[in-house]
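J.: From the sequence below, what's the structure:
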Amino acid sequence: MSVNITSYLLVALILFCVGLYGALTKRNAVIVLLSIELMLNAVNINLVAFAKYGLFPAVTGQIFTLFTMTVAAAEVAVGLAILIALYRNKETVNVDEMDSMKR
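T.: Just a heads-up that it's a prediction; the model follows:
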């Protein structure tokens, strides 16, 4: 059984849409960070799929995926550190209540 590129793109589309929905509608900051990670993983699936099935198959998409995973890991580390600091000050992880820059 052979899997074609449309299957990969469909999975990536669904994953990206779920991540976008979570990032735009949820109020919990941890869920928003997880949703952003889902969107980055959907991009990684697209990069690897086009690296394998593109016009000129090469490893460039896989190399870009490694860079994206590195940036995602750094984003999680910095994002969680900021969330811990905000939780210690505000005692909430609700995105709506994190408005300290307004005042």
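J.: Would you mind listing the residues in contact with the closest residue to Pro57 other than its chain neighbours?
T.: Leaving aside its sequence neighbours, Pro57 sits nearest to Ala51 (Cβ to Cβ, 6 or more residues apart in numbering; 6.7 Å). All C-beta atoms are positioned from the backbone trio N, CA, C, and that covers glycine. Applying Cβ atoms under 8 Å, 6 or more residues apart in numbering, we find Ala51 in contact with Pro57, Ala58, Val59, Thr60, Gly61, Gln62, Thr65.
J.: Secondary structure class of Ala51, three-state.
T.: For Ala51, the assignment made with DSSP: H, G, I helix; E, B strand; the rest coil gives helix.
J.: and the gap between Asn28 and Thr60?
T.: For Asn28, the distance to Thr60 equals 36 Å [Cβ to Cβ, to the nearest Å].
J.: brain fart, Leu10
T.: 23 Å.
J.: what about these two, which has more around it?
T.: Using other Cβ atoms under 10 Å as the criterion, Leu10 and Thr60 rank with Thr60 on top: 13 against 10.
J.: element containing the most centrally placed residue in the chain?
T.: Centroid check for the chain by Cα atoms, centre = their mean gives Glu37 as the closest residue, at 2.4 Å. Taking DSSP states H and E as the definition, one finds Glu37 inside helix 29-53.
J.: Tell me the buried residues in that helix?
T.: Buried residues in helix 29-53, counting neighbours by 16 or more other Cβ atoms under 10 Å, are found at 29, 32-33, 35-51.
J.: count of residues packed around the nearest residue to Lys90 once chain neighbours are set aside?
T.: Once flanking residues are discounted, Lys90 sits nearest to Glu97: 6.1 Å by Cβ to Cβ, 6+ apart. Counted by other Cβ under 10 Å, the residues lying close to Glu97 total 13.
J.: I'd assumed Tyr87 was in contact with Glu97.
T.: No - using Cβ atoms under 8 Å, Glu97 is not in contact with Tyr87, being 10.7 Å away.
J.: In terms of pLDDT, where does Thr6 sit?
T.: At Thr6 the predicted local confidence, pLDDT, stands at 93.
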